[in-house]
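[1] Predicted structure and sequence below. I'll ask about it afterward.
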Amino acid sequence: MFTLRSLLGDEALELRILVSGPRGALDEPVSWVHNTELPDPSPYVRRSELVLTNGLWADQIGAAEFVANVKRAQAAGIVFGLRQERPTTPDELVGACRDAGVPLLEIAVTVPFTAISEAVATRYAEERQSALVGMVRRGEALATAISRGAGASGVLRVLRRDHELPLAVVDRMGRPLASAGARLDAGQLQTVAAGLARRPPPLELDLGTAGRATLYLVGAVGDADAALVCLRPVGDLTRMEQDALDQAARFLSLEVAKQQAMQAIELRFAGELLEMVLSGGSRAAEVPGRLRAFGVDADGPLAVWTLAFAGAEATMPGLAEAAGEFFASAGVPVVVAGGSQDVVAVLSWRHGGEEAAPLAERLVSAVAERFPGRRPVVGLGGVVGEPAGLREALVRSREVCRTLRRGHPGSAVRSFAELGTHRLLLSMQDADALRPLVDGVLAPVRRHDAGRGGELEATLRAFLDHDGHWSATAAALHVHVNTLRNRLSKITELTGRDVARTADRVDLFLALQAADMT
């Protein structure tokens, strides 16, 4: 785009500035030139066009009104062409432009308006040629970067050779794939991910402290796989910058598609590894080789962890990838397999058993940050000395995770040995199988509490939590011991189970535990 200042710098045009207009007006882009002698050219003049006139409208309209019409069209300014009959620009036109803040240039008698049109056309042709050459050159550099494995970061480096823009590439799970001159925090990454989930995704997003950002979709066939994020509003980007960003987004689509294909292959092979472990028999002999293919030492100690979300029956897209990224950052060789309900990790583990829980807690924190509003849980299946022991470790890990998913209180990380046997047994039952136990034992108590505003169930829980100690339970409930005895007698009457008998107490305890898990 050319400007009034660039035209003034062309000595062949013999232009002279009479009114410079507002600050910066001479450096604003000019879209084209428009030659007119109409008293009101506003219906035909486009925004940012430069109006060329000899002032023949002066017989029909005053200078102030003509300037007002030009300003209403949001023109870039006025060039007044001198003639033999009028060798100077009218003072009233100069004054009107000064009052209205409209730039006014004067062109010599000997220079026709066509000279300006030709100069503008030449500049446009040169700019267009330069832009095309730049696009071809940049395309070759982008193709080279991708073919050499430079990834998304390589694409951004090529883009920033010509345009110093703050850039980032974020996928639809809110993961940063690359950045150059921009740093997005967890909340801003999730804002981008939420924007990509909308139909259609927005052109701009408000990223809070980072300001408004422009999004260029990556891999947008159906769903957008990622976005090239420029921390500038689209209105602040030049046409050349917008074209360059759009071109880079197309090349990033190739890179993201390649990464997704590689991840899909890895996840499929990892899933096959779990099938080999669980099936045993002849396929178990393939497990060591498959572990080595993932960089996991099959001859050393191995650990199995299972990751899922509490209160959810299904995982979320990106959970397996998030786990894999965590272990990679921690320097732990791993095979990560994603399933419909959980994600299983088989690790090389040459650390002590006491180090597993702290690392698992860090995994939980990392996943929770990636998936706000979700509560990740990890079941530790223990450490085995050889691949042959993986099947038992895998079963244990999944059972612990299944128990945690159903609402086990306390820590989000547990090992098989830390969970009570009763919880593991209950977790192996479907919710439909547990419901008759809950309803058969607790239903009468709950009906009584609902109808009379009683506290029998809370009393029963407190009594069992205090291991059947009357005085401790009464103190915790802030009631007299006799009140506690009356309530427990009522529970016996309603359920047919006496808290003084061990077998009946077990029934009541299991019913309460099952109620918490269903």
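    The structure has been received and is ready for your questions.
[2] drop to CA atoms for contacts and neighbour counts, all remaining ones
    Noted.
[3] Pull the contacting residues for residue 16.
    Listed by CA atoms under 8 Å, 6 or more residues apart in numbering, the contact partners of residue 16 are 8, 105-107.
[4] and it, helix, strand or coil?
    Classification of residue 16 using DSSP: H, G, I helix; E, B strand; the rest coil returns strand.
[5] pLDDT-wise, which helix or strand of this protein ranks last?
    For the chain, the helix or strand with the lowest mean confidence is helix 421-427, at a mean of 58 (criterion: mean pLDDT, DSSP states H and E).
[6] Got a quick ChimeraX command for the buried subset of the contacts of residue 16?
    Buried subset of the contacts of residue 16, written as a ChimeraX selection, criterion 16 or more other CA atoms under 10 Å:
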select :8,105,106,107
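[7] And the contacts of residue 16, which is closest to residue 289?
    Checking the contacts of residue 16 against residue 289 with CA to CA, the nearest one is residue 8 at 74.5 Å.
[8] ok, that closest one to residue 202 distance?
    The spacing between residue 8 and residue 202, counted by CA to CA, to the nearest Å, is 40 Å.
[9] next one: residue 308
    With CA to CA as the criterion, residue 308 and residue 202 are 31 Å apart.
[10] before we move on, back to that, what would the contacts of residue 16 look like in TSV with pLDDT?
    Below are the contacts of residue 16 laid out as TSV (pLDDT from 0 to 100):
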residue	pLDDT
8	88
105	94
106	94
107	93
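[11] In TSV: the contacts of residue 16, plus distance to residue 214 and secondary structure.
    Below are these laid out as TSV (distance: CA to CA, whole Å; DSSP: H, G, I helix; E, B strand; the rest coil):
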residue	distance to residue 214	secondary structure
8	34	helix
105	37	strand
106	40	strand
107	41	strand
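[12] Any chance you could list what contacts stretch 454-468?
    442, 445-446, 448-449, 469-470, 472-473, 476-477, 484, 487-488, 491, 509, 512.
[13] Extract the C-alpha trace of that stretch and format it as CSV.
    Provided in CSV are the C-alpha atoms of stretch 454-468 (Å, rounded to 0.1, in the frame of the first residue of the first chain):
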residue,chain,number,x,y,z
GLY,A,454,-34.1,-38.0,61.5
GLU,A,455,-30.4,-38.6,61.5
LEU,A,456,-30.2,-42.4,61.7
GLU,A,457,-27.9,-42.8,58.7
ALA,A,458,-25.5,-40.1,60.0
THR,A,459,-25.6,-41.8,63.4
LEU,A,460,-24.8,-45.2,61.9
ARG,A,461,-21.8,-43.8,60.0
ALA,A,462,-20.4,-42.0,63.0
PHE,A,463,-20.8,-45.2,65.2
LEU,A,464,-18.9,-47.3,62.6
ASP,A,465,-16.3,-44.6,62.0
HIS,A,466,-15.6,-44.6,65.8
ASP,A,467,-15.2,-48.4,65.8
GLY,A,468,-18.4,-48.9,67.9
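[14] okay, now residue 219: neighbour count?
    20 (other CA atoms under 10 Å).
[15] The closest residue to it other than its chain neighbours sits in which helix or strand?
    Of all residues beyond its chain neighbours, the one nearest residue 219 is residue 253 (4.4 Å), with distances taken as CA to CA, 6 or more residues apart in numbering. Residue 253 is part of helix 239-279, with elements assigned from DSSP states H and E.
[16] in the helix or strand following that helix, what counts as buried?
    Using DSSP H and E, the helix or strand that follows helix 239-279 in sequence is helix 287-293. Under the neighbour-count criterion of 16+ other CA under 10 Å, helix 287-293 has 287-288, 290-291 buried.
[17] Surely residue 357 touches residue 413?
    Yes: using CA atoms under 8 Å, residue 357 is in contact with residue 413, at 6.7 Å.
[18] Neighbour count for these two, which is higher?
    Just comparing residue 357 and residue 413: by other CA under 10 Å the higher neighbour count belongs to residue 413, 25 against 17.
[19] any idea how far the more buried one is from residue 361?
    From residue 413 to residue 361 the distance is 7 Å (CA to CA).
[20] just the strands in the stretch 301-450 of the chain please.
    For the stretch 301-450 of the chain, the strands defined by DSSP state E, counting those that start in this stretch occupy 302-309, 334-338, 343-348, 376-384, 413-415.
[21] Could you do the stretch 51-200 of the chain as well?
    In the stretch 51-200 of the chain, the strands defined using DSSP E, counting those that start in this stretch lie at 77-81, 104-107, 167-171, 176-180.
[22] The second one: how far from the chain's middle?
    Meaning strand 104-107. Centre-to-centre, strand 104-107 and its host chain are 52 Å apart (CA atoms, centre = their mean, to the nearest Å).
[23] circling back to that earlier point, list buried residues within the contacts of stretch 454-468.
    Among those, the ones that count as buried by 16+ other CA under 10 Å are 442, 445-446, 448, 470, 472-473, 484, 487-488, 491, 509, 512.
[24] thinking again about what came up before, and the strands of the stretch 51-200 of the chain: which comes nearest residue 298?
    For these, proximity to residue 298 was assessed by CA to CA; strand 176-180 is nearest, at 31.0 Å.
[25] elements contacting that closest one?
    helix 151-162, strand 167-171 (3 or more CA pairs under 8 Å, 6 or more residues apart in numbering; DSSP states H and E).
[26] Okay, now the sheet partners of that strand, with direction.
    With DSSP bridges as the test, strand 176-180 is paired with strand 167-171 (antiparallel).
[27] Show the average pLDDT along the partner strand.
    Strand 167-171 shows an average pLDDT of 84 in the prediction.
[28] List of residues touching it?
    Here strand 167-171 has contacts from 152, 156, 176-183, 189, 192-193, 225-231, using CA under 8 Å, 6+ apart.
[29] okay, the angle between it and helix 239-279?
    30 degrees (axes from the mean of the first three to the mean of the last three CA atoms, to 10 degrees).
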